[in-house]
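Chemist: Test case, fold it:
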Amino acid sequence: MPRLFTAIEIPEDIGAALATYRGGLSGARWIDVENYHVTLRFLGDVDDETAREASYLLGHVRRAPFDVTIEGIDVFGGSRPRALIARVKPSTALTELQAEHERLMRRAGLEPERRNFTPHVTLARLRDASSRAVADYLGLRGGPTRLSFRAERFVLYSSRDSVGGGPYVEEATYVLR
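Modeler: Residues are numbered from 1 along each chain as shown. So this is what the prediction gives:
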C-alpha cells in the first residue's frame, strides 16, 4: 500500500534560504532540504486502486500558477512543541487548490481531512525540545524576510512508513495552467 500526499515543491533557492535555519536546537530532527514541500492533502496508506483513482482525478485540476510567500518561522504544538515550520501566507489560489484536492480525494473514497489547512513547510520534527529552548531559538534566529516563489505545478508523492521527513518519491506531477 503506498502512503501518498499531494504538495507544492519548494524551489532549490528557497530551500537553501530555509536551510540556513538548521542547527542550534536540541531535540530537533532536521528535514532534508530536498524534502521541503507545502502539503496540500495527505491521502495516507491507500490501496493501488484508490491511488490510481486519486492520480486520475488530480489530472483534471485546472488552475493557474500562483505566488507562494513564506512569511516567518514558527512552531506547531504550543507548550509541547512538535515541529519547527516556515509559515506560508494563505492566499486565495493556494486555499482553493487545497480545497479542490480535498473534494477530489473525497470523491476517490477517502475520509475528509480532520485538520484545518495551515500552509507551512516543516523544517524539523521536535522530540524532547523544551518550549523554553524553542522560544530562545525563535528569538535568536528570527525568520526569513518574505521569501516568494511561483508555484507552477503540484506533485503526488509517496513515502515509506517512517517517522516522517522523507525520502519522498514523485509519483506524478501536474502542471498548473
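
Chemist: Off-centre distance for stretch 48-62?
Modeler: Put simply, stretch 48-62 sits 19 Å off its chain's centre (C-alpha atoms, centre = their mean, to the nearest Å).

Chemist: If you count neighbours, what's buried in that stretch?
Modeler: Buried residues in stretch 48-62, counted by 16 or more other C-beta atoms under 10 Å: 50-51, 53-55, 57-58, 61. From N, CA and C alone the C-beta is placed, and that goes for glycine too.

Chemist: Need phi/psi at the closest residue to residue 19 other than its chain neighbours.
Modeler: Setting aside the residues directly before and after it, residue 19 is nearest to residue 33 in space (C-beta to C-beta, 6 or more residues apart in numbering), at 4.8 Å. Backbone geometry at residue 33, expressed as degrees, to the nearest 10, gives phi -60, psi -40.

Chemist: State the distance from residue 33 to residue 120.
Modeler: 16 Å (C-beta to C-beta, to the nearest Å).

Chemist: From residue 123, how far off is residue 31?
Modeler: Taking C-beta to C-beta as the measure, residue 31 falls 6 Å from residue 123.

Chemist: Now do the helices in the protein.
Modeler: Per DSSP state H, the chain carries helices over the ranges 12-19, 48-58, 92-107, 131-141.

Chemist: TSV please, covering those helices and showing distance to residue 177 and mean pLDDT.
Modeler: Listed next are those as TSV, based on distance: least, C-beta to C-beta, whole Å; pLDDT from 0 to 100:
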stretch	distance to residue 177	mean pLDDT
helix 12-19	22	96
helix 48-58	14	97
helix 92-107	13	98
helix 131-141	38	92
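
Chemist: want to try CSV for the ones you listed, with distance to residue 168 as columns?
Modeler: What follows is these, written out as CSV (distance: least, C-beta to C-beta, whole Å):
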stretch, distance to residue 168
helix 12-19, 13
helix 48-58, 15
helix 92-107, 17
helix 131-141, 25
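
Chemist: which one of these lies closest to residue 173?
Modeler: helix 48-58 (9.9 Å; C-beta to C-beta).

Chemist: Any chance you could give me that closest one in PDB, C-alpha atoms only?
Modeler: Written as PDB, here are the backbone C-alpha positions of helix 48-58 (Å, rounded to 0.1, in the frame of the first residue of the first chain):
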ATOM      1  CA  ASP A  48      -3.500   0.600  -5.500                       C
ATOM      2  CA  GLU A  49      -7.000   1.200  -7.000                       C
ATOM      3  CA  THR A  50      -7.500   4.200  -4.800                       C
ATOM      4  CA  ALA A  51      -4.000   5.500  -5.700                       C
ATOM      5  CA  ARG A  52      -4.800   5.200  -9.400                       C
ATOM      6  CA  GLU A  53      -8.200   6.900  -9.000                       C
ATOM      7  CA  ALA A  54      -6.600   9.800  -7.000                       C
ATOM      8  CA  SER A  55      -3.900  10.200  -9.600                       C
ATOM      9  CA  TYR A  56      -6.500  10.300 -12.400                       C
ATOM     10  CA  LEU A  57      -8.700  12.800 -10.600                       C
ATOM     11  CA  LEU A  58      -5.800  15.100  -9.800                       C
END
